[in-house]
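**Student:** Need a 3D model of the sequence below.
(chains A and B)
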Amino acid sequence: MKYSYYPGCAQHGTAVDYRMSVGAVFTRLGIELEEIKNWNCCGVLHVDDRTTRVALSARTLATSKGLDVATPCNLCYSNLMRARTALEDVTLKNRINEALKTKYNGNTKPKHLLEVIVKDFGLAKLGEQVKKPLKIKAVPYYGCLLTRPGNEFDSPENPMSLDNLILCLGAEPVRYYYKTKCCGGPILITDEELALGLARDILMMAKESGADCMVVTCPMCHLQLDAKQKAVEAKFNIKIDMPIIYFTQLIGLAMEIPPKELGLDKHLVPTDKLLASIEGGKNAGE
Amino acid sequence: MPENEPAQKKIGVYLCRCGGNIGDVIDLQAVADSLKRENVIVNIQDYLCSSAGQEKIKNDIEKGKTDRALIGSCSPKLHLETFRSMAKNAGLNPSLLEITNIREQASWVHDKESKESVNSKARGLIKGAVARISSIEALVPLEKKLVDRTLVVGGGIAGITTALELADGHEVMLIEKQPYLGGHMIGLSKTFPTLDCSQCILTPKMVAVHNHPGITMLTQTEVADVKGSAGDYSITLKHSPRYVDIKKCISCGACARKCPSGAIFLPFAQAVPQAYMIDMSKCKNCGACVKVCPRDAIDLDAKETTSSVSVGAVAIATGFEPINPSFIEEYNYPAPNLLTAVQFEEMLSAKSKTGMRLQKADGTFPDRVAFVLCAGSRDFTGRGKKYCSKVCCIYSQKQAQLVKKMKEDAEAWIFYIDMRSAGRRFEEFYHHTQEKGVNYVRGKVAEIIPQKDSTLMVQYEDTNLGMKGREIFDMVVLCPALVPSAGTKELADKLGVPLGDDGFVEEKHVKLDPVNTLNQSVFAAGCVLGPKDIHDSVTEGISAAHKVSQFLGKGMILIPPEKPMILECNGCGDCVKACPYNALALEGGKAVLSPLACTGCGVCVPACPIKGIEIRNFTRNQLKTQLKAILGEGPGVIVFIDPYAYAAADIAGVNRRQYSSLIRFVSVPSIHILDADVINAAFEHGASGVMLIEGTTDEKLTSRSDELYKKLKKDTRKHKKPLRYSHIETAQYEKLTDLLNVFAAQAGAKAEKRSRKEQADEKESAAE
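**Tutor:** Take a look at the predicted model:
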């Protein structure tokens, strides 16, 4: 299995731990991710002009050498998907292709890494790689962009792919009603109060469910829920203490990859207790 | 042979403008002018169906000006009977009057086409019909004796009413799938708008059914199989076991007191029949009940049984069921204290398991209750049902009133899109509910999120205030879309009754024949015809009973006389083998037809190796004459269509679904009467393509269609023109028009390619 890999800016910035765990897990699973040379920002947060934004994604898709484009980031994924739809407009496509060195032909498909694992690689095959069933309770948190706008991959209202992945790793996905709610990350700068309020709702719902950790698929969600968790606690005078784990880190733990190699020491909310309970193999309820 | 009859036929052609419905689109005068050479009289009227219009035709017949009448108007499904009974009164054999449909299948469906193309279609259709009517013979319908017994399927309020209304004059068998009568109505609390108790008004009716000497009532019974034909059905019934003999059980309850697992019980106190039953999933087979029963009524080894009944008419009253709202993912159903309105009702009804108390999962009274309307209804996204479920606006207000009545300071909120309270006393009811202090929010609920403490958070948009909101409730009641009950399709297929695209039974006419189906011996009442309240279900039950009584009262059923005639026979027996209904047999080395067993499907026609069989008034020659005349007015696509698919084309017309005006329908009793002779004739006379469209759900026919199509395709290959078969049920009118458009485009493109090639060939040969 081979994909063109579009890491997005976060992998080279705030989400080093994500990058480490993707590398550790995908190498071991034999899924080849070939990073696109000289890739550009997807423009999701920074570019207002639609044509420019679509053009940025068109360039990414055009330089993938005909392979499907895998990306670890929900924002990049959603942006690539939207660009792909927009480029069905032939006039727009022709206009953008005038500016591109390698022309966009519409043959490449963007895929989130979760889709690569769950659909392309397959949970049955992944199950064979599980050395240590995790025996913890985990919140499956998809974020708002992974399944929106609606796509073939999963339901926009009640997606199940991450639930099934958690189950496959021997852990228990809790029933969680905020699966696809916005974490507030993209509006943190413009409206901090609202952004932290959204994060509080999501985190408190997770805490009330009795889970040991939240599993995320997006570096922006991770930044908001992990790095800003202290700020949420301070602002609303509450205690949360909920480890936020990338799904690739969770897979790595089940494959008995050393936590350090997965970047689990780089989190702001400590993961020690979580790792201890996985190590002990005991149920969090006990 | 009809073709050999004296040629002096006086054909009257009567064209209807239908106000402007036809006249504004089709130039009827031009159609009339085009018939000048045909030796017919032509008359154009504004409304042929009016008494003036009918009088004109009647006069012509009585004065001997006309001895065959062709009418160009709306669908024959609407007015053929009207005109034929007029013809009969005027002294003309009704079979010599026919209708060509130039409204539903012409003027209503070709808005986007040029006037000339629609006019040429109309001229072709009328000329084809004139050719046809001059070639047909006068036939007299066959008569069959009716069985004076009616099967009513479904023991809810519609079925109960039908049975009771019929039973004084006719024998009735009422069957019900559940172990007791009453359907959904026995699970209701109070009924709107009067708030009288549902059970109190229904129980006397159930008892009356039970005691009526003319009604045989069977519970836990379903239709397993249907044999025979209209007016004379042999129906196999399937009875699932109750394990308690209804006739012996006296409801003393001794068994229930002894049962260690609570498996034997009376469904509810007022249940009819009044007898215990066993839930085998709970039964430990200990036999304690058998020993203690003083009447020896219990048999733990009872098995499913079947029985057979012959009936002349069937009334379908199988009702509705609520859709399971779990497909609305953002509502998170099921969850504690998140109910459907049906569950809410049952809690407060005769079937209550909480002692008729409204309570939450923890047993306490809910202080804040939300009602969410249109859960799965009025949804055009493709996820839910498009239609309005009609009763929810009023019953949810009734339920809100009940909440307020049980606890005055409890809060009841209703989330609605539009508050629909049309109907006598309903607007007053709406007003009264408002006065009770019920909270109305106009806006669709976006999300229902169960909370840790078993309360529910409702997120919504209030479109009156233009703001979003969220509220916590103790209980949320979803008002689900009402859908036809499970098994409706299977039953309808067995009885040859088409359903609409919403899954409800299609009425014979949506306004004028609301309880008849397209099968003359099958009737329907209640929610199987669409969501409705008790009042309307009862009205339909009474109507259906009247219609059944009228039908059975004749004692005879008229059977269409378009049956096979055996003109020549070499005794090979191929037709006998081919006949799906055992209507043909060899007697003295020749094939003989039993006309009453014959359905006129025509499978025998192409089966005869010497072409010795023809269907009366649909002979090969008659069809060819009609095709020649139709195609004489310009090229077109010939579409042979059976009566069920014809109904789909009519629905497409009523919905103004546009399609190519190249389409020329030729109505046939079944596509199985066709052989390569007829199709080749269509191609030879200039058809650019031929379609066979079949709508029957009779498997005896549809299972042969593929083979028929392959054979026809092979035998007509030399023309190199497109031939296509398609199965379109009555409900699938959208699919039909899509198909017609695609095929017309294909046939057109092929024809163009051919003519270009021919022109090139001509040039080439001219050059040589």
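
**Student:** The residue of the stretch 551-700 of chain B found nearest chain A: neighbouring residues, count only.
**Tutor:** Shortest the stretch 551-700 of chain B-to-chain A distance, computed as C-beta to the nearest C-beta: residue-wise this is B:Gln658, at 26.5 Å. Placement of C-beta: from N, CA and C, glycine included. Neighbour count for B:Gln658, taken as other C-beta atoms under 10 Å in any protein chain shown: 16.

**Student:** Also B:Ala400?
**Tutor:** 25.

**Student:** which parts of the stretch 51-200 of chain A sit against chain B?
**Tutor:** Within the stretch 51-200 of chain A, the positions near chain B by C-beta under 8 Å from any C-beta of the partner chain are A:155, A:157-158, A:177-178.

**Student:** so how far is the worst-scoring helix or strand of chain B on mean pLDDT off the chain centroid?
**Tutor:** Averaged element by element with mean pLDDT, DSSP states H and E, chain B has its least confident helix or strand at helix B:733-767 (a mean of 86). Its chain's C-alpha centre and that of helix B:733-767 lie 37 Å apart, by C-alpha atoms, centre = their mean, to the nearest Å.

**Student:** can you check stretch B:637-654 too?
**Tutor:** 15 Å.

**Student:** May I have stretch B:350-367 exported as PDB, CA atoms only?
**Tutor:** What follows is stretch B:350-367, C-alpha atoms only, in PDB (Å, rounded to 0.1, in the frame of the first residue of the first chain):
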ATOM      1  CA  ALA B 350     -55.900   0.300  28.200                       C
ATOM      2  CA  LYS B 351     -52.600  -1.500  27.300                       C
ATOM      3  CA  SER B 352     -50.700   0.500  30.000                       C
ATOM      4  CA  LYS B 353     -48.000  -1.300  31.900                       C
ATOM      5  CA  THR B 354     -47.600   1.600  34.400                       C
ATOM      6  CA  GLY B 355     -51.200   1.600  35.700                       C
ATOM      7  CA  MET B 356     -52.000   4.400  33.300                       C
ATOM      8  CA  ARG B 357     -49.500   6.700  35.000                       C
ATOM      9  CA  LEU B 358     -47.200   8.900  33.000                       C
ATOM     10  CA  GLN B 359     -43.800   8.300  34.300                       C
ATOM     11  CA  LYS B 360     -40.100   8.500  33.500                       C
ATOM     12  CA  ALA B 361     -37.800   5.500  33.500                       C
ATOM     13  CA  ASP B 362     -37.200   6.100  37.300                       C
ATOM     14  CA  GLY B 363     -41.000   6.000  38.000                       C
ATOM     15  CA  THR B 364     -41.400   9.700  38.800                       C
ATOM     16  CA  PHE B 365     -43.600  12.100  36.900                       C
ATOM     17  CA  PRO B 366     -41.900  14.200  34.200                       C
ATOM     18  CA  ASP B 367     -42.100  17.900  35.000                       C
END
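
**Student:** can you give me the helices in the stretch 101-250 of chain A?
**Tutor:** Using DSSP state H, counting those that start in this stretch, the helices of the stretch 101-250 of chain A run over A:113-115, A:123-129, A:161-168, A:192-208, A:219-222, A:229-236, A:247-254.

**Student:** so how many other residues sit close to B:Thr463?
**Tutor:** 12.

**Student:** what's near enough to touch the closest residue to chain A within the stretch 201-350 of chain B?
**Tutor:** Among all residues of the stretch 201-350 of chain B, B:Glu329 sits closest to chain A, at 3.7 Å; criterion: C-beta to the nearest C-beta. By C-beta atoms under 8 Å, 6 or more residues apart in numbering or on different chains, the contact set of B:Glu329 is A:155, A:157-158.

**Student:** What residues does chain B have near chain A?
**Tutor:** Residues of chain B lying near chain A (C-beta under 8 Å from any C-beta): B:329-330, B:332, B:449-450, B:452.

**Student:** Which residue, other than its chain neighbours, is closest to B:Phe225?
**Tutor:** Wrong residue type there; residue B:225 is Asp, not Phe. B:Thr236 (4.0 Å; C-beta to C-beta, 6 or more residues apart in numbering or on different chains).

**Student:** what do you get for B:Ser377?
**Tutor:** B:Ala481 is the one closest to B:Ser377 (C-beta to C-beta, 6+ apart), at 4.1 Å.

**Student:** residues contacting the residue nearest the centre of chain A?
**Tutor:** When C-alpha atoms, centre = their mean is applied to chain A, the residue found nearest the centroid is A:Thr217 (2.1 Å). The neighbourhood of A:Thr217, defined by C-beta under 8 Å, 6+ apart, consists of A:74, A:112-114, A:141-143, A:146, A:162, A:246-247.

**Student:** And it, how far from B:Cys598?
**Tutor:** 67 Å (C-beta to C-beta, to the nearest Å).

**Student:** same deal with B:Pro273?
**Tutor:** Taken as C-beta to C-beta, the span from B:Pro273 to B:Cys598 is 42 Å.

**Student:** Then A:Asp163?
**Tutor:** 60 Å.

**Student:** hmm, back to that, among the residues of the stretch 51-200 of chain A next to chain B, which one has the lowest pLDDT?
**Tutor:** Taking those together, the minimum pLDDT is found at A:Glu157 (86).
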